[in-house]
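Participant: Quick one, what's the 3D model for this:
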Amino acid sequence: MKENKWVLGLIGIILAAAIWYIYPILFPKQVESTSQEYVQATKLIKEGKLEEARPLLMKGIVKEPGEGKYHFALGNIARQQNKLEEALAQYDQTIQKTPGTTEAYNNKAGILMLQNKPDEALTIIELGLQQNPAFQDLLFKKGQLLYVKKDYAQAIAVLQPLSSDPNYVEAYRFVGLCLREQQKYDQAVEQLQVYLQKTPQTTKGRVEVEQVVAAMQAQVSLIK
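Facilitator: Numbering: from 1, shown residues only. Below is the predicted model of the structure:
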């Protein structure tokens, strides 16, 4: 199928809307802690009282210098303040002290993706998946990066199992784009149509997805 510049331009818009779609600042789901400082600090962070939380976390580090959870929370504060290098340093401390904190790998990878450092992001994702191979946010990010690296078959293998989860409906968009790159246009249209069915009209990049689907359908009908 010969692509025109108009369709290629639409793909660029779709990717700009979708490529780093999921970037949550995660907290570990289960942290057993008797530290009142940590409990109070995380509560303040969730309330948006970042500067009030910081001294409590610093106090916690003094009390428990080998514990990574304080650095993790400080990383989240730095991320919310857009101090990305500081956040990366804190997540590194978390990983060094508490390597099982998979959320630290996830949040670090998200920053590296925002900084357009895909190779570094993929490296940290793989390390995180060694800790928890089923961690969905890391798997989604891995799929995104594999698409960027044009490893479409592997991207599909990673993303397709996630697409059944409503939290990862964006997987349909990436799987559809991967199939398009593989010139499997009927399957690409099918995946992108499912994506359109499952997303609200206001979704960023949705109009361009609709236009790409229509263009592929028109081209396929001409070939047939």
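Participant: how close does Met216 get to Leu222?
Facilitator: Going from Met216 to Leu222 by CB to CB, to the nearest Å gives 11 Å. For glycine as for every other residue, the C-beta is placed from the backbone atoms N, C-alpha and C.
Participant: Show me which of those two is the more surrounded one.
Facilitator: The neighbour comparison of Met216 against Leu222 (other CB atoms under 10 Å) goes to Met216, with 21 against 8.
Participant: can I assume the more buried one is in contact with Tyr185?
Facilitator: Yes: if you go by CB atoms under 8 Å, Met216 and Tyr185 touch, sitting 5.1 Å apart.
Participant: can you pull the pLDDT of the closest residue in space to Gly75 that isn't next to it in sequence?
Facilitator: Closest residue to Gly75 apart from its sequence neighbours, by CB to CB, 6 or more residues apart in numbering: Gln90 at 3.3 Å. What the model reports for Gln90 is a pLDDT of 97.
Participant: Just name whatever secondary elements the longest helix seen in the chain is in contact with.
Facilitator: Longest helix in the chain, counting residues (DSSP state H): helix 206-223. Judged by 3 or more CB pairs under 8 Å, 6 or more residues apart in numbering; DSSP states H and E, the packing partners of helix 206-223 are helix 5-18, helix 170-181, helix 185-198.
Participant: Taking their axis directions, the shortest one and helix 185-198 sit at what angle?
Facilitator: In other words, helix 170-181. 160 degrees (axes from the mean of the first three to the mean of the last three CA atoms, to 10 degrees).
Participant: Give the rounded mean pLDDT of helix 170-181.
Facilitator: On average, helix 170-181 scores 92.
Participant: Just the buried residues of that helix, please?
Facilitator: If you call a residue buried by 16 or more other CB atoms under 10 Å, then helix 170-181 has these buried ones: Glu170, Ala171, Tyr172, Arg173, Phe174, Val175, Gly176, Leu177, Cys178, Leu179, Arg180.
Participant: okay, those in TSV with distance to Ala41 next?
Facilitator: What follows is the buried residues of helix 170-181, written out as TSV (distance: CB to CB, whole Å):
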residue	distance to Ala41
Glu170	32
Ala171	34
Tyr172	38
Arg173	37
Phe174	36
Val175	40
Gly176	42
Leu177	41
Cys178	42
Leu179	46
Arg180	46
